[in-house]
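*Asks:* Give me a model of this one.
(one chain, ligands or ions: 2)
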Amino acid sequence: MKILGIETSCDETAAAVVEDGRRLLSSAVASSMDLHIQYGGVVPEIAARSHVEAILPVIRQALDDADCAWDDIDAIGVTYGAGLSGSLLIGVMTARTLAIARGKALYGINHVEAHVYANFLTETALPGYKMPAALPAFPLLAIIVSGGHSQLVLFRGHFDYTVLGRTQDDAIGEAFDKVAKMLGLPYPGGPSIAEAAANGNANAFSFPKAKMDKYDFSFSGPKTAVLRLAQAQIGETFDFPSTKLPGRLSAAQKADIAASFQRAAVETIVAKAKTAYEEFSPRGVVLAGGVAANRELRRQLSAALPLPIAYPDPKLCTDNAAMVAALTCFKVSLGQPAADPYGLTIDPNLAM
Ligand code: KG4
Ligand code: ZN
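*Replies:* Numbering: from 1, shown residues only. Ligands and ions are numbered 1, 2, ... in the order given. As a prediction, this is how the structure comes out:
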């Protein structure tokens, strides 16, 4: 079974073809990141316009790279939430039109759930991918850490899961992005913080961790703690504007703050994951979402848990359509309902 996946929830326009839920045949991604960098974050209107320009060439590329004609495609899966409204609309309208025109079944896909399914991609002939050695085992603890979401989810099987806890304010990736901005490091903040942290002392500062219900997170408080610490470091008070911090902090101070913040943020996730592991004894643990690319997170998690942790290739951690196609394959093969190609609507606040 070959599935075409389409993903346009944020600033990546992506299409991919996946066979039997685990074999990656192609993954095309066009990002409008370059246009957003100057604003320090994604501008929804610019992202939506970029999707309009990129979507058809990206789909064509995904089919060509997979050596597929339309006849070879069994169904189309498209992200319909969560995400930016204008961005989601382009993907959903394109997928609906193609499903009708080409006579294919259409499946609406939850973006956050799809991130988990990047871990089910275990085979590819494409160069430059490092895939997990085995399929994840159930019960499966999924640690979902992205720019929009931070949550722990326990899967008893496909489509049978419980959300154990989630962030009550900012997502961890969002906190990385905001702290990077305070330090004058380029957007997206996750990779910039990780890079700066490599030259810093992770024990230079200790940031308070929010005390939340068992499996819930909060990353808004820690972000403010970083701001206060940075202000104090240069001898200023709380009313000193964050926009002027980068010009006053030395490279060494920035590196130490980045490393200490990264350590604290990662420790928060790892501590809760460990508690969940001990309570539920899952047979598998996977990392999902953009922040899963973080090396310190992978290192701390491997040290804390007594089983191998699966994580996708970094290219499949950040937004892509391969994860959407993978999840769609399981929906088709396990008889989940298809969407109405004349009626599928977006759901920008869709939760798991
Ligand atoms: O999953 P994703 O591409 O988009 C959402 O669904 O939100 O995640 C993007 C987030 C951004 O906040 C980015 O800063 C973060 O993932 N990120 C990282 C790393 N690479 C990307 N965070 C920490 N370390 C990284 N290496
Ligand atoms: Zn995402």
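
*Asks:* Quick check: the residue of the stretch 201-350 of the chain nearest ligand 1.
*Replies:* Among all residues of the stretch 201-350 of the chain, residue 290 sits closest to ligand 1, at 2.1 Å; criterion: C-beta to the nearest ligand atom. All C-beta atoms are positioned from the backbone trio N, CA, C, and that covers glycine.

*Asks:* quick one: contacts for that residue?
*Replies:* Contact analysis of residue 290 by C-beta atoms under 8 Å, 6 or more residues apart in numbering lists 145-147, 173, 188, 190, 317-319.

*Asks:* Including pLDDT, secondary structure and distance to ligand 2, could those residues go into TSV?
*Replies:* Listed next are these as TSV, based on pLDDT from 0 to 100; DSSP: H, G, I helix; E, B strand; the rest coil; distance: C-beta to the ion, whole Å:
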residue	pLDDT	secondary structure	distance to ligand 2
145	97	strand	10
146	95	coil	5
147	92	coil	7
173	96	helix	9
188	90	coil	12
190	96	helix	12
317	96	helix	9
318	95	coil	7
319	97	coil	4
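
*Asks:* Those residues also near ligand 1: which ones?
*Replies:* Subset of these in contact with ligand 1: 146-147, 173, 188, 190, 318-319, counting by C-beta under 6 Å from any ligand atom.

*Asks:* Let's have those residues in CSV, adding distance to residue 154 and neighbour count.
*Replies:* What follows is these, written out as CSV (distance: C-beta to C-beta, whole Å; neighbours: other C-beta atoms under 10 Å):
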residue, distance to residue 154, neighbour count
146, 18, 24
147, 23, 25
173, 22, 26
188, 29, 22
190, 25, 27
318, 24, 25
319, 24, 27
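
*Asks:* From those, pick the one nearest residue 220.
*Replies:* Nearest to residue 220 among these is residue 173, at 13.2 Å by C-beta to C-beta.

*Asks:* In this structure that closest one contacts residue 145, no?
*Replies:* Yes. Using C-beta atoms under 8 Å, residue 173 is in contact with residue 145, at 6.7 Å.

*Asks:* Name the residues contacting each of these two.
*Replies:* In contact with both residue 173 and residue 145: 289-291, using C-beta under 8 Å, 6+ apart.

*Asks:* ok, back up a step: nearest to residue 266, of the ones next to ligand 1 among the contacts of residue 290?
*Replies:* Looking across those and measuring by C-beta to C-beta, the closest to residue 266 is residue 190, at 11.4 Å.

*Asks:* for the closest one, what are its contacts?
*Replies:* So residue 190 contacts 147, 173, 176-177, 180, 290-291, 293-294 (C-beta under 8 Å, 6+ apart).

*Asks:* How about it, nearest residue that isn't a chain neighbour?
*Replies:* Leaving aside its sequence neighbours, residue 190 sits nearest to residue 176 (C-beta to C-beta, 6 or more residues apart in numbering; 4.3 Å).

*Asks:* and this structure, which residues reach ligand 1?
*Replies:* Residues of the chain lying near ligand 1 (C-beta under 6 Å from any ligand atom): 10, 146-148, 173-174, 176-177, 188-191, 194, 289-291, 293-294, 318-319.

*Asks:* Let's see that with 5 Å instead.
*Replies:* By C-beta under 5 Å from any ligand atom, the part of the chain that sits against ligand 1 consists of 146-148, 173, 176-177, 188-191, 194, 289-291, 293-294, 318-319.

*Asks:* Can you pick out the ones from the shared contacts of residue 173 and residue 145 that are in strands?
*Replies:* Assigned to strands by DSSP state E, none of those qualify.

*Asks:* looking at this protein, which helix or strand is least sure?
*Replies:* helix 33-37 (a mean of 88; mean pLDDT, DSSP states H and E).

*Asks:* Distance check, the closest residue to residue 281 other than its chain neighbours against ligand 2.
*Replies:* Once flanking residues are discounted, residue 281 sits nearest to residue 139: 7.8 Å by C-beta to C-beta, 6+ apart. Residue 139 sits 24 Å away from ligand 2, going by C-beta to the ion, to the nearest Å.

*Asks:* before we move on, what about residue 258?
*Replies:* From residue 258 to ligand 2 the distance is 23 Å (C-beta to the ion).

*Asks:* Which ones among the shared contacts of residue 173 and residue 145 map onto helices?
*Replies:* Judged by DSSP state H, those include no members of helices.

*Asks:* would you list those residues in a markdown table and tack on pLDDT and distance to ligand 2?
*Replies:* A markdown table is the format used below for those (pLDDT from 0 to 100; distance: C-beta to the ion, whole Å):
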| residue | pLDDT | distance to ligand 2 |
| --- | --- | --- |
| 289 | 96 | 6 |
| 290 | 95 | 6 |
| 291 | 97 | 10 |
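
*Asks:* Am I right that residue 286 is in a strand?
*Replies:* Yes. Counting by DSSP: H, G, I helix; E, B strand; the rest coil, residue 286 is found in a strand.
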